[in-house]
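Trainee: Need coordinates for the below:
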Amino acid sequence: MNVYQHSLLSQRKFGGQPQDYEAIHTFMDSSKLFNYHVRHRMLIHNLYGIELAAELFGEYLTNTDGKQCMVRDVAAAHCREDLDGHVPTLHDWLKNSPQLDELIGDIPPLGNEKLEAFVWRPFLRSGIKGSLIITWSDFGVYLAERFLGLDAARTLAQHLPAHAHVKMYLDHFQFTERWQFTPQRHELHWLQEKETELAAAAKNTLQA
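Mentor: Below you'll find the predicted structure:
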């Protein structure tokens, strides 16, 4: 599903307009900027990613209907829509992927306590060293810029080994569960009906 489709589903579930939710869904799919393959979902389509979304956008948003909804609920719905109804942990994603642990070498001191805490957070959430492909990578530089600012991102980029590209890491990830690559079928069916309805309405407007 793309950002607009997720936003349509959020409108149905939470009210308001699709545009109310675009920023959240754009963030949840930001890993596509680094690997345009369904494996990208491993990075933040999980409780860790939902935690990040709530930090970035705040606990609540007020939609154009004036209704408050929790950002984490919107982000969790994004996960369910893409992952056959699941809202997994990082451990759920990585428990059968020990090969990723071998790709992460030693992480040196970064001279910035907040940045070090940010880099190590996926491991602290999962207990799996391979989860550090999220933050000890070019994708981690992107996240550091968004959450900690340009100086922190620059520091991280300067310390990363040359091979630390999240796409290369994800090429080693193998799906082990069907939910990891299967979207919710009933949501896809609703989207097909909704997009047909919107196309018909647009056609009628042009003919009026």
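
Trainee: When you work out contacts or count neighbours from here on, use the C-alpha atoms and nothing else.
Mentor: Fine.

Trainee: Now do the contacts for the residue most central in space within the chain.
Mentor: With distances taken as Cα atoms, centre = their mean, residue 28 lies nearest the centre of the chain, 3.1 Å away. Residues near residue 28 by Cα atoms under 8 Å, 6 or more residues apart in numbering: 44-45, 49, 53, 75, 78.

Trainee: try 10 Å
Mentor: With contact taken as Cα atoms under 10 Å, 6 or more residues apart in numbering, residue 28 is in contact with 3, 22, 41, 43-46, 49-50, 52-53, 75-76, 78-79.

Trainee: swap in residue 105?
Mentor: With the criterion set at Cα under 10 Å, 6+ apart, residue 105 makes contact with 129, 132, 136, 161.

Trainee: Filter these down to the buried ones, ChimeraX style.
Mentor: Written as a ChimeraX command, the selection of buried residues from the contacts of residue 105, which uses 16 or more other Cα atoms under 10 Å, is:
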select :129,132,136
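
Trainee: Endpoint to endpoint, stretch 10-27 covers what distance?
Mentor: This stretch, stretch 10-27, spans 15 Å end to end (Cα to Cα, to the nearest Å).

Trainee: ok, now stretch 129-147?
Mentor: Between the opening and closing residues of stretch 129-147 there is a gap of 22 Å (Cα to Cα).

Trainee: Quick check: buried residues in the helix ranked longest in the chain?
Mentor: Longest helix in the chain by number of residues (criterion: DSSP state H): helix 185-207. Of the residues in helix 185-207, those buried under the neighbour-count criterion (16+ other Cα under 10 Å) are 187-188, 191.

Trainee: is it possible to export those to JSON lines including distance to residue 143 and pLDDT?
Mentor: Shown next, in JSON lines, are these (distance: Cα to Cα, whole Å; pLDDT from 0 to 100):
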{"residue": "187", "distance to residue 143": "29", "pLDDT": "95"}
{"residue": "188", "distance to residue 143": "30", "pLDDT": "94"}
{"residue": "191", "distance to residue 143": "30", "pLDDT": "94"}
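
Trainee: Among the contacts of residue 28, which one has the most neighbours?
Mentor: residue 75 (29 neighbours; other Cα atoms under 10 Å).

Trainee: what's the nearest residue to it if we skip its chain neighbours?
Mentor: Sequence neighbours aside, residue 50 is the residue nearest to residue 75 in space, at 5.6 Å (criterion: Cα to Cα, 6 or more residues apart in numbering).

Trainee: Check for me that that neighbour belongs to a strand.
Mentor: No. Applying DSSP: H, G, I helix; E, B strand; the rest coil, one finds residue 50 to be helix, outside a strand.

Trainee: All good on my end, thank you.
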